[in-house]
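Peer 1: coords please:
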Amino acid sequence: MNMDTGCLEIVVERKTSALMKILRVGSVFLTVLFIFAMFLFGWPFLFAAIAMGIAGYFIWLECEVDYEYAYVEKELRISKILRKSSRKEIASYDLNQLEIMAPTRSHELDSFHRSDKIKVSDYSSGEPEARDLYDLCLSDGTCLRLNLSGEYAEQLIRIMKQYAPRKVFTY
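Peer 2: Below is the predicted model of the structure:
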């Protein structure tokens, strides 16, 4: 966190889903299988092994994902951190468009969750039972699912509550 420059950063580790774990193990297994098949049946399996190895690499990258939320002057920037080494900014949201922010299971969000026009972007840890999940809905129909826990998250919620006291709900 660096409040001197008006920046607040929160990093959330995303839990690897069971499907991604299966894909990761499956890609390694198929790569090894194609390598053995190449020795038994010929060179065409070499290309399949290379293709599966490349696919496995990208699956492996997607298995270890963290999200970083950076609040900078009424803007929320979301970055994706792959394998704790490379960072890519994936979205930036103008908080002047804030409609409502509340815990995910809050009744204040009922009308937003019932709407077919709302698009939910999940930048949380991926654990649906987490207590610190918040939905942040914007006027353009975007709804963000965020994990907000810890000291810096409390500061972010406090800042947003000061900015829009009637739109930010906490329990």
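Peer 1: roughly how far apart are Met38 and Val28?
Peer 2: Taking C-beta to C-beta, to the nearest Å as the measure, Met38 falls 16 Å from Val28. (C-beta placed from N, C-alpha, C; glycine too.)
Peer 1: any low-confidence regions in this protein?
Peer 2: 1-6 (pLDDT under 70).
Peer 1: which element follows the helix or strand where Ser111 lies toward the C-terminus?
Peer 2: Assigned by DSSP states H and E, Ser111 belongs to helix 110-114. Where DSSP H and E defines the elements, the next helix or strand beyond helix 110-114 is strand 119-122.
Peer 1: tell me what the helix holding Ser111 is packed against?
Peer 2: Under the contact criterion of 3 or more C-beta pairs under 8 Å, 6 or more residues apart in numbering; DSSP states H and E, helix 110-114 touches strand 133-138.
Peer 1: Just checking: what are the partner strands of the strand it packs on?
Peer 2: Strand pairing for strand 133-138, determined by DSSP bridges: strand 98-103 (antiparallel), strand 142-147 (antiparallel).
Peer 1: Can you dump the C-alpha atoms of the last one in PDB for me?
Peer 2: Same thing as strand 142-147. Output in PDB follows, covering the C-alpha atoms of strand 142-147 (Å, rounded to 0.1, in the frame of the first residue of the first chain):
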ATOM      1  CA  THR A 142     -20.800  -4.900 -14.800                       C
ATOM      2  CA  CYS A 143     -20.600  -6.600 -11.500                       C
ATOM      3  CA  LEU A 144     -17.200  -7.500  -9.900                       C
ATOM      4  CA  ARG A 145     -16.800 -10.200  -7.300                       C
ATOM      5  CA  LEU A 146     -13.900  -9.400  -5.100                       C
ATOM      6  CA  ASN A 147     -12.200 -10.800  -1.900                       C
END
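Peer 1: Ala49: what's it in contact with?
Peer 2: Residues in contact with Ala49 (C-beta atoms under 8 Å, 6 or more residues apart in numbering) are 31, 34-35, 37-38.
Peer 1: one more time with 6 Å
Peer 2: Counting by C-beta atoms under 6 Å, 6 or more residues apart in numbering, Ala49 touches 31, 34-35.
Peer 1: same thing with Leu30?
Peer 2: The neighbours of Leu30, taking C-beta under 6 Å, 6+ apart as the test, are Met52.
Peer 1: Okay, buried residues for whatever helix or strand it lives in please.
Peer 2: Using DSSP H and E, Leu30 maps to helix 18-41. By neighbour count on 16 or more other C-beta atoms under 10 Å, the buried set for helix 18-41 is 20, 23-24, 27, 30-31, 34-35, 37-38.
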